[in-house]
Every structure is written in structure tokens, then in C-alpha cells.
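Participant: build me a model from this:
(one chain, ligands or ions: 3)
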Amino acid sequence: MKLSVIRKAPIQCETEALIVGHHENSQYFEGAAKALDEVSGGLLSYLLDTGDFRGRKNETVLLYSRDLLPAKRVLLVGLGKRDDLTEEKLRVAMAGASKRIRELKVKEFALSLDFGDCKVPAERAAQAAAEGIMLGLHRFSAYKKEDPDSIEILSATIIDQRAAHVKIMKSAVREAETICNAAILARNLVATPPSEMTPALLAREARRMCRNTSIPIKVLEPPAMKRMGMHALLAVGRGSAHPPRLAIMEYQGAGRGKRPVVLVGKGITFDSGGVNLKPASGMEQMKDDMAGAATVIAVLKAAAELELPINLAGIVPAAENMPDGQAYKPGDILKSYSGQTIEVVSTDAEGRLILADALSYAKRFKPAALIDIATLTGACVIALGDYLTGMLGNDDRIKEGIRAAAERTGEVVWELPLWEEYEDLIKSDIADMKNTGGRAAGTITAALFLKKFVEDGIPWVHLDIAGTSFSPKDKGYLQKGPTGTGVRLLVDFLKNWTYRTDGPNS
Ligand code: BES
Ligand code: MN
Ligand code: ZN
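Facilitator: Ligands and ions are numbered 1, 2, ... in the order given. Presented below is the predicted three-dimensional model:
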């Protein structure tokens, strides 16, 4: 789909459908809606008079303009209360409106963001609308036979009469497009069936992204991992016919001496639980256990395409967790890349094992910040549900930067404490630690485990996306299935990075 911004008045816009907005309970139309109403002799205001349209959040009404307007149809969309309008509400409203238009089976539509007196400035509104449209209309259709009834929308055009607005909206939309294409890549990687999306394919996809963006990449295979002593990652992959990979990508957008932000993403391409086999029900969803890895690959893509002035490394440990004669077992003791030993209590707590080796590997970059993102614990889904990503970490500045990015992008995070007393729960009698601390505080003990592999002094944040990587239903600009969560969040975080302070802008 092509997204563009052009200078045009709504009353002159020839299109299959024109989206215009209205604030809830405002007695009069404003902006684009007002202009359309006036030249059409009250086509729209009839709806306010009858009370059939109030402008409630996400309410839509489709009008046919006959010959009264150059736009064949007008889709009125409710924006909710004027004072409550946010970018996130705009994303959701525009996703809903564009899905409504897709039902019409037209190939193109236009929208005006001239809502009259509006809390969200034009540039932010354009970015939010573009995101809502792109993410809202995206479908993973690679495995469906061509449906003659499903016509894809080819172009969406934002119109505005104000030349100055057009200019800033254009660059906001171009940026939104780049970021959403990255998020869509992440969604598609996660949606790909697990027998195809093996560690090798995940690494190949990373390579392909790097080739297209000229980012150097290195992919380690088991012999190299053995030489280096990455026995935690190796153990998790040992029960699988598809051996593990470790992909290391390095985007350089700032000077050589600048310390990078390092991203680490969990890449379990299928989590059966291993010998501690998971229950059958819902196991198909465990193909999304590489969502963190997909996010890291996508964030590097966006950073390179946006030419962000930052140094950024991405580390993706990839493995498939399967039961087999060769598989690692409960009771095993693994020597990690850091040298610390781990007693395996559950082979289903595999994510932290592959992350352990990847986090220790990150040390060589001397990270200015180290951020890992992982579908790590079912406990996080229980605690925070499917809207909130869990955040834990040792550095207030980085956490604050993530929180600010979360606020702006609508990819919300909630902090849980790295409660040190709970470290006792992962003490082992015969190794340096064990890989689970039981059910209580499961998200926290998982993070405390990871912390043992983060070198002292490295500012580190862990994001648990077990609940947010996959949506159980269509909601707003998310479809049922992979969400691509973390991509917009981390790109926004990186956009606000400054080498003036080696940290996020505050
Ligand atoms: N990949 C799962 C976590 C998960 C659960 C993600 C549900 C998405 C939805 C992870 O590897 C896992 O199995 N964690 C265990 C840890 C336990 C054995 C300590 C869990 O959460 O049950
Ligand atoms: Mn598991
Ligand atoms: Zn897992």
C-alpha cells in the first residue's frame, strides 16, 4: 500500500472514500467535515440533527454523497472527547476507519486530519494515522490461497490544505511507513509456521535484512559456539534436528568511538517445553517464542533505513526447544559462556538459558545500554495481561527512556521490581544457580536470572513480551496473531537517544 500526503481541499478531493473526523458531542462540525457539510447542503449535519452520530470513540458512519461532492463516499469517524484525544486513540480510530473502507472493496481512499480545534498537532496526527492505517490493514496472507473477494487497498492519501502542514506531514508519514514496514516484517516472521521458521531460517532472514540495509552480520553455528563455550545455548538446541544459530548485527550510524546500544532478542523458533513437555492445548502459539528476535531484526532494519545517528548492535540467539534422545534434561548442569554453571530444573525455562549466553556475549561491545526483549514467562501474562509489556532493569535513566517511548507509541510497559531477596529462589545446591525459581514471582526470578549474565556496570533493561507479542483477538490496529510489539517502542527510544549524555533525551 502506498501512503502519501498531498495539498488538497476536502471539497475538491476525488476519491472512492474520504475519511473525516468529529469530536464527541460537539454540536457543530469543524475543519474538513464542516467544509464538506457546507458545499453538500447539510449532508453531514443531518446526522448530528437526528442524533444518529455523536462522534463517540471509533464510531463510524458511511455516507454516499451522490453528486454533491467529488468524493463518492464520506466516512465520518468519531474521535471521542476532544480533551481526551491522544495519538493512540487516533491510531485506533484510523485503523477502524480503514478496515471499514476495506469492506467496500475499493482500491483507494483519502483522509483529512483537519479536525478543527485538535489536541494532537498535525505532524503527530499524521504519523499516528499512518501507523493506524498500515498496521490496521496488514494481514499475513502468505499461506492463504488467493481470494478473489479480498481486494487489497493500494493507496491511502492524506489531504491537507495548509502547505506548511503538508510538508511536515510528508516526512512524518514517510517515517511512519519505514517503522511500520519493520513492525510488519516482525509480525510476518513470527507468523511463519515453526517448521519453516527454524533457527537457520531466522538467521537467514536476519542476513537478508542486513544485506538490504548494508549492515554487517556474523552468524555463529554450533562448532563456533562449542569453541567459545556457549553451552547454555547449545543445550537448548540439542534436542532439535535444527541446530541453533547466533546472529550478531552491527549498525553504525555514529562515530567509531561511540558506545552502542545493544539489543538482544529471544529466538526460540518453537517452544515445545522440551523434555518438560508443555500441555497440548495452545502449544501452536509457541511458534511466537521468537518474537523478541523478530523485533530486534526489525528494529535494526528501521534504524538503518532511518539512518539514525546511533551505534546499534543486535544479538539474536536462535534455537528450537524439543524433546528427543539427544535433548538436555532436568538435572543437567550447564556451563554457560560466562563460566557460571546452571542446574536445569525445567527444560521449559529455556529462554533465559539462550539469553544468558547472548547477554554475556554483549559485554564485548561495551554497551551504553543493553536491552533484551523476550517472550519469557507465562507469569508475565498472568500479572500484566496482553496490553502491558513487563519491564525490569538496573538503570533508572534507561527505564525512564523506555517509559517515555511507551507513552508516545502506545506500546505500553509496566515496571516490575528486580527484588533482590528473591535471588534466593534460584539458588542451587550443586551449581551456581538453577534455571527456575518456581511459580511465585516468575517474571521477577526470570529477570534476576538474566541479571547474573549482565556484566556489572552495564545499564540493562529486560522487556517481557510474553503477553503482548501475540494478540488473542483483533483489537485496534492489531490483528489476532503476532503484534510486532517492541518495534515502534524501541525505534522511538533510539530516536531519542543522545550521545550528549549517552542516554535517552529527558
Ligand atoms: N516461552 C515460554 C513463556 C510463554 C508462556 C510465552 C506463554 C508466551 C506465552 C517460556 O519459555 C516458558 O515456558 N516459561 C515457563 C517458565 C517456567 C518453567 C519457570 C513458564 O512461564 O511457564
Ligand atoms: Mn519454555
Ligand atoms: Zn519459551
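Participant: my read: residue 355 touches residue 264, true?
Facilitator: Yes: in this structure residue 355 lies within contact range of residue 264 using Cβ atoms under 8 Å: 6.3 Å. Bear in mind the C-beta positions are built from the backbone N, C-alpha and C, glycine included.
Participant: quick check: neighbours shared by these two?
Facilitator: By Cβ atoms under 8 Å, 6 or more residues apart in numbering, residue 355 and residue 264 have these common neighbours: 317, 372.
Participant: which bits of the stretch 351-500 of the chain sit near ligand 1?
Facilitator: Contact residues (Cβ under 6 Å from any ligand atom) of the stretch 351-500 of the chain with ligand 1: 351, 375, 376, 377, 378, 379, 381, 436, 442, 466.
Participant: the residues you listed also near ligand 3: which ones?
Facilitator: residue 351 (Cβ under 5 Å from the ion).
Participant: and which of the residues of the stretch 351-500 of the chain next to ligand 1 is nearest ligand 2?
Facilitator: Using Cβ to the ion, residue 351 is the member of these that sits closest to ligand 2, with 6.1 Å.
Participant: distance of that closest one relative to residue 266?
Facilitator: Look at residue 351 and residue 266: by Cβ to Cβ, to the nearest Å, they are 5 Å apart.
Participant: more neighbours, those two?
Facilitator: Counted by other Cβ atoms under 10 Å, residue 351 and residue 266 do not tie: residue 266 has more neighbours, with 32 against 29.
Participant: residues contacting that one?
Facilitator: 289-293, 317, 351, 354-355, 372-376.
Participant: how about a cut-off of 10 Å?
Facilitator: Residue 266 makes contact with 289-296, 316-319, 350-352, 354-355, 358, 372-376, 464-466, 469 under the criterion Cβ atoms under 10 Å, 6 or more residues apart in numbering.
Participant: what parts of this structure come near ligand 3?
Facilitator: The chain comes close to ligand 3 at residues 268, 271, 289, 351, as judged by Cβ under 5 Å from the ion.
Participant: what about the helices in this structure?
Facilitator: Counting by DSSP state H, the chain has helices at residues 31-39, 45-50, 87-102, 122-137, 163-191, 199-213, 222-228, 231-237, 291-305, 351-362, 378-384, 396-409, 442-451, 487-495.
Participant: and these, which one's lowest on average pLDDT?
Facilitator: Lowest mean pLDDT within the helices of the chain: helix 45-50, a mean of 92.
Participant: residues touching that helix, excluding its own?
Facilitator: Contacts of helix 45-50 (Cβ under 10 Å, 6+ apart): 22, 25-29, 33-34, 37-38, 40, 42, 52-55, 61, 63, 76.
Participant: that helix: which residues count as buried?
Facilitator: For helix 45-50, the neighbour count (16 or more other Cβ atoms under 10 Å) marks 45, 47, 48 as buried.
Participant: so what's residue 505 up against?
Facilitator: 401, 404, 495, 496, 497, 498.
Participant: tell me the bridge partners for the fifth one.
Facilitator: Taking DSSP bridges, one finds residue 504 as the beta-bridge partners of residue 497.
Participant: distance-wise, check the residue of the chain found nearest ligand 3 relative to residue 455.
Facilitator: Ligand 3 sits closest to residue 271 of the chain, with a gap of 3.7 Å, by Cβ to the ion. According to Cβ to Cβ, residue 271 and residue 455 sit 27 Å apart.
Participant: between these two, who's got more neighbours?
Facilitator: Taking other Cβ under 10 Å, residue 271 and residue 455 do not tie; residue 271 has more neighbours (26 against 15).
Participant: so the more buried one versus residue 227, what's the distance?
Facilitator: As for residue 271, its distance to residue 227 is 27 Å (criterion: Cβ to Cβ).
Participant: also residue 140?
Facilitator: Distance of residue 140 to residue 227, given as Cβ to Cβ: 38 Å.
Participant: neighbour count winner among these two?
Facilitator: Ranked by neighbour count (other Cβ under 10 Å), residue 140 and residue 227 place residue 140 first, with 15 against 9.
Participant: pull the number of nearby residues for residue 472.
Facilitator: Using other Cβ under 10 Å, residue 472 has 12 neighbouring residues.
Participant: spatially nearest residue to it (excluding sequence neighbours)?
Facilitator: Excluding the flanking residues, the one nearest residue 472 by Cβ to Cβ, 6 or more residues apart in numbering is residue 386, at 6.3 Å.
Participant: which residues are in contact with that neighbour?
Facilitator: Contacts for residue 386 (Cβ under 10 Å, 6+ apart) come out as 466, 467, 468, 469, 470, 471, 472, 473, 475, 478, 483, 485.
Participant: around ligand 2, pick out the residues from this structure.
Facilitator: Proximity of the chain to ligand 2, by Cβ under 5 Å from the ion, involves residues 271, 348.
Participant: can you list the residues of the chain near ligand 1?
Facilitator: 271, 289, 346, 348-351, 375-379, 381, 436, 442, 466.
Participant: count the neighbours of residue 88 for me.
Facilitator: 19.
Participant: so what's the residue count around the closest residue to it other than its chain neighbours?
Facilitator: In this structure, residue 88 finds its nearest non-sequential neighbour in residue 410, 3.7 Å apart by Cβ to Cβ, 6+ apart. Neighbour count for residue 410, taken as other Cβ under 10 Å: 21.
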